[in-house]
Each structure stands twice: as C-alpha cells, then as structure tokens.
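>>> could you work out the structure for the sequence below:
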Amino acid sequence: MKLEGKVAIITGSSRGIGKTIAWRLGKEGAKVVVNGRKESRLSNTLAFLKNEGIEAAACAADVSIPEDCRKLVEYAVNEFGSVDILVNNAGVGSRGYFENTNPDVFRQLVNINILGSVYPTLEAIPDLKKNKGSVIFISSLAGFRGMPDKAPYCMTKMAQTSLAESLHNELMQAGVHVGIVYVNATVNDPEKRVLNADGSWKPLLQRNSIWLDTQEDVARVVLNMIKKRQFKSIVGLKGKFYYLLQKLVPWFVDFTFRHNLEVIEELDE
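Residues are numbered from 1 along each chain as shown. Have a look, this model is predicted:
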C-alpha cells in the first residue's frame, strides 16, 4: 500500500510510540489523526507534526468509551473524507502480583488495552472495507508468555492476539489487512506511567537496559507492515530472540522470570 493521501488514525498518539508512528506515516504522505485524552498534550503533538510539514488533525477521545470512538472516526471522515488505516496503539501497563491486585486494575486494563482496540475498530470497519485498508494492533512481548508481576497486562496483550487472529480471518475476503506488532522494551517518555497493584499510578523510570529498542524502530516496523500488508511482526533482533527462546525452551524462560524479577521491569513496550 502506498501511503500518499491515505488517512490514518493512531490512538494513544499524543506521545511515545504512537506519536512516532504518526510522524513516520505522515512523512510517507499520509494524513494523520492523532488521539489522546489530554487536549494540551494533543495540541503540542499537532503543532509538532504540522511543523514537520505533515497534514494532521487531533481528536481528544477516550478509546474505552464507544461513543468517543464513534466521534473519533466521524472526526477523521469529516476532516479528511475517509479512514484508510487504524493503528490501535493506546494502552497501559501494570505492576504487582496477582493476589495483591485491586480488581479495578483488571477492569481498567481490559477497558483500555482490549476494549480500547475493539471499539475504534468496530467504528472504522465500514471505511476500512470500502477502502481495503489496514488495522494494526500494537502489542508486546508480554503477549507471548505470562510474566510474574504483571498478570493484568499480559492477559490483555494475549487477548489482543486472539482479536487480531479472528479479524485476520474474518476480514481477509473483504480486502482488509489486519496486522499485529509485538514490541520489545523501548526507550520511554519521562512521563510514562503504569498502574500499581493498589490502583495508584507509578511513574516508569527511564530505561537503560541493553534490551531496549527505540520508538523509531517500532514505527519503521509498523510502516513496513502496512506497506507489505504483513500479519505478524516482532520488533528487533532482541524481540525475535525472546520469541524463539520462549518457544524452544519455555522452562528456561520461566526459570529466568522466577529468579530475575528485576529484569521483568524492562520487558514492557
């Protein structure tokens, strides 16, 4: 797919990976609609994209609310005439052992990480079918194997795989491309936060692990996936190595998790 003139919605794109994906697609000629819940942050992102010569618009919407997702898709259609690409990037991480986790933490992660991918996709499907477009899910290495200390997060990322696989088969005959990207730990924005087991928000400290990829690495994979209409892709050699490791020697991965819990702090996107 050539991106020149295509219209792309990227959820959770006021910062981080989503913002970089929006920039990368825009540089390829796409018209981008950035999304988030905070107007001030969206305004800054929109100004950045326009300063880069990208045709862009911003829509504040909560992807865990169906009505907001309807508003988001309608906004894109009103601004640019259609929707060709949807990137479901909005998501939140978690920390804490299962037995200590407040039930509301599970509710929030299900609402954002799962339903926050379901609702925008439901609204965009008519346009995606009409345009034979693409819907992309941004997942994580946590979607391959359950990790201690982040059961709610792993649960939702594995659910994203099931959703993507179902849609891949359902929508293929209609010409809609479905893709899912598995992201290794990336360099994070300073203001990134995760949910603690008690439901409070915890700042995610700046990462400095050798496992890290960059946000640009993720954006390049997404761009390539859309252009080549690929189904599944893992970001980086380190991510591919982890995938093979947990497939070939799962007992070793589990052993490592149990005896190196500090490493797990680095294994989110």
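
>>> strands along this protein, start to end?
7-10, 31-36, 56-60, 85-88, 93-94, 134-140, 177-183, 193-195, 201-203, 232-234 (DSSP state E).

>>> can you spell out which helices and strands pack onto the fifth one?
In terms of contact count using 3 or more C-beta pairs under 8 Å, 6 or more residues apart in numbering; DSSP states H and E, strand 93-94 is assigned the packing partners helix 151-171, strand 193-195. No exception for glycine: its C-beta is placed from N, CA and C like everyone else's.

>>> just want the angle from the longest one to strand 134-140.
Helix 151-171 runs at 160 degrees relative to strand 134-140, counting by axes from the mean of the first three to the mean of the last three C-alpha atoms, to 10 degrees.

>>> and the angle for helix 151-171 with strand 177-183?
Put simply, helix 151-171 runs at 160 degrees to strand 177-183, going by the same axes, to 10 degrees.

>>> so which elements touch helix 151-171?
Counting contacts by 3+ C-beta pairs under 8 Å, 6+ apart, helix 151-171 packs against strand 93-94, helix 103-109, helix 115-131, strand 134-140, strand 177-183.

>>> what's the answer for the last one, then?
Based on contacts counted as 3+ C-beta pairs under 8 Å, 6+ apart, the elements that strand 193-195 packs against are strand 93-94, helix 103-109, strand 201-203.

>>> can you list the strands that it pairs with?
Its sheet considered, strand 193-195 pairs with strand 93-94 (parallel), strand 201-203 (antiparallel) by DSSP bridges.

>>> need these in JSON lines (columns: mean pLDDT, mean neighbour count and distance to residue 145).
Compiled in JSON lines, the strands paired with strand 193-195 are given as follows (pLDDT from 0 to 100; neighbours: other C-beta atoms under 10 Å; distance: least, C-beta to C-beta, whole Å):
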{"stretch": "strand 93-94", "mean pLDDT": "91", "mean neighbour count": "24", "distance to residue 145": "16"}
{"stretch": "strand 201-203", "mean pLDDT": "81", "mean neighbour count": "12", "distance to residue 145": "23"}
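
>>> let's have the ones you listed in a markdown table, adding distance to residue 257.
Putting the strands paired with strand 193-195 into a markdown table (distance: least, C-beta to C-beta, whole Å) gives the following:
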| stretch | distance to residue 257 |
| --- | --- |
| strand 93-94 | 16 |
| strand 201-203 | 20 |
